[in-house]
Structures are given as structure tokens and as C-alpha cells.
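Novice: take this sequence and fold it.
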Amino acid sequence: MSKLCLGSKVDRMCVNVMDETNSDVPRSRVFVLLDGTFVVKWSDHHVQDLLTGQYRHFERRDFGAPITDFELNQLKQVGIVEQFDKERVSLSPSPQRSRFYQMNALHERVRSYYLNTTLAPRRLTDVEACLMRLGMDDELEARLRDDFIVIWGEFGRGFHDFDEAEEVRAYLLNQMPELFAETVIAFVETTRRD
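Specialist: Sure, this is the predicted structure:
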């Protein structure tokens with residue numbers, strides 16, 4: 001165990017967290033926040049952003065969705081995750097993650113946002129029919145990804161930013177709450193090529 005301190009000098013909060021060198025964690029502790037951030041939960045109220053290494057306060061309302069195999073494979077490709085299965089995720093040792101965080105700070109990363117409906121593939125025709133009824137089938141595209149139905153923007157492109165994705169998510173939720181109640185914002189991240 002080690003101590004993690006968060007907050008300003010006035011409002012400093014310190015908690016004991018799992019030692020990051022112990023990189024094998026239950027898969028349930030690696031997930032996606034509502035804002036699309038991939039995190040590992042080190043204590044009841046503290047998570048670490050897997051792409052930046054930054055720690056932040058966590059409340060249950062911040063939870064977005066379980067992490068998918070596709071997302072774990074993305075993290076594996078960039079060296080943050082060593083391996084995973086249905087039960088466990090092995091994070092790369094802390095020095096390797098630190099090198100990634102430093103590299104990430106040097107390169108401009110670009111996020112493409114999409115909506116993860118968390119619906120099973122058998123519901124794809126329902127989602128496509130709903131988009132057609134709403135007149136959004138030319139603007140939105142439903143696809144399968146990692147045993148979930150996801151929604152991309154026009155021509156299968158990501159939404160430009162979190163706000164655009166949230167606007168679409170809120171609209172769909174308002175129009176068809178029974179179908180889109182569990183929809184969360186997710187993203188893929190790449191390095192910008194100059």
C-alpha cells in the first residue's frame with residue numbers, strides 16, 4: 001500500500017491506495033467513466049486515468065460502462081495493458097506506464113467520440129429502425145463493436161468532441177428512453193499525424 005494525496009493545500013485528502021507495481025487487478029476495477037476516460041480504481045473514491053496517469057476523485061455517478069475487449073486491446077497496443085481475460089487485467093509495470101504518460105504528453109492525442117448503447121447485438125435492427133424513425137439514419141450509423149451496439153456519426157466517423165457526442169446521446173435518450181437509457185459516451189484515441 002502507498003499513500004495518495006489529492007486536492008489543494010487547503011483541502012488535501014490522503015488515502016491509502018494499492019501499490020501500482022502490483023499490476024494484476026480485477027477486471028471490474030478497470031472501466032470507462034461517463035466522460036469516456038479509461039481508468040483503474042485504486043480505492044473507493046480514487047481512480048487513475050490510464051492514458052495520462054493522473055489521479056482523480058471518483059463517485060459512483062461517474063461510472064460510465066465496463067471496459068470492452070476492444071478498448072483493452074487499444075490499451076494493450078499502446079503498452080498500458082500487458083494482458084487481460086474475463087476476470088483480470090494486467091497493467092504494464094509502473095515505469096513502462098510512466099514512459100507512456102511522458103510520450104503522451106509530448107504528442108498530440110486525438111479522440112474520436114462515439115456512443116456505446118451497451119445493447120446486445122440482437123438489438124441492432126431495433127436501433128437502426130429507431131434512427132430511421134427519428135430521421136437520423138443519414139446522420140448516425142449503428143455498428144457492432146465488442147458485443148455492443150455503438151453509434152457513430154455520419155459515414156461512420158467519430159463525433160468531433162465530447163459535447164457533440166453528449167448532445168446526440170441526450171437527444172436519443174429524450175426521444176427513446178427505453179432503448180437508450182444505458183447509452184454512454186466512449187472514444188478511441190490516436191496520435192495526430194503531421
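Novice: ok, the residue nearest to Asp138 when sequence neighbours are not counted to Ala165 distance?
Specialist: In this structure, Asp138 finds its nearest non-sequential neighbour in Glu154, 7.0 Å apart by C-beta to C-beta, 6 or more residues apart in numbering. C-beta: built from backbone N, CA, C; applies to glycine. Between Glu154 and Ala165 the computed distance is 13 Å (C-beta to C-beta, to the nearest Å).
Novice: next, the distance between the ends of stretch 36-51.
Specialist: Terminal residues of stretch 36-51 lie 11 Å apart, using C-alpha to C-alpha, to the nearest Å.
Novice: pLDDT on it, on average?
Specialist: Mean pLDDT, computed over stretch 36-51, is 88.
Novice: starting at the chain centroid, how far to that stretch?
Specialist: Relative to its chain's centre, stretch 36-51 lies at 10 Å (C-alpha atoms, centre = their mean, to the nearest Å).
Novice: for that stretch, buried residues please.
Specialist: Buried residues in stretch 36-51, defined by neighbour count with 16 or more other C-beta atoms under 10 Å: Gly36, Thr37, Phe38, Val39, Val40, Lys41, Trp42, His46, Val47, Gln48, Leu50, Leu51.
Novice: what sits closest to the second one if chain neighbours are left out?
Specialist: This points to Thr37. Sequence neighbours aside, Asp49 is the residue nearest to Thr37 in space, at 5.4 Å (criterion: C-beta to C-beta, 6+ apart).
Novice: rewinding a little: Glu154 and Ala165 - which one has more neighbours?
Specialist: Neighbours per residue (other C-beta atoms under 10 Å) separate Glu154 from Ala165, with Ala165 holding more: 26 against 11.
Novice: tell me the contacts of Thr183?
Specialist: Leu115, Asn116, Thr117, Thr118, Ile151, Arg169, Leu172, Leu173 (C-beta atoms under 8 Å, 6 or more residues apart in numbering).
Novice: which of those residues count as buried?
Specialist: Among those, those scoring as buried are Leu115, Asn116, Thr117, Thr118, Ile151, Arg169, Leu172 (criterion: 16+ other C-beta under 10 Å).
Novice: ok, back up a step: shouldn't the residue nearest to Asp138 be in contact with Asp137?
Specialist: No - in this structure, Glu154 is not within contact of Asp137 by C-beta atoms under 8 Å, at 10.2 Å.
Novice: the worst-scoring helix or strand of the chain on mean pLDDT: what's the following helix or strand?
Specialist: Across the helices and strands of the chain, mean pLDDT, DSSP states H and E gives its lowest value to strand 13-17, namely a mean of 39. Next along the chain after strand 13-17, taking DSSP states H and E as the criterion, comes strand 24-26.
Novice: helices or strands up against that next one?
Specialist: Using 3 or more C-beta pairs under 8 Å, 6 or more residues apart in numbering; DSSP states H and E as the contact test, the elements touching strand 24-26 are strand 88-91.
Novice: list the strands paired with the strand it packs on, with their directions.
Specialist: strand 24-26 (antiparallel), strand 81-84 (antiparallel) (DSSP bridges).
Novice: alright, calling it a day.
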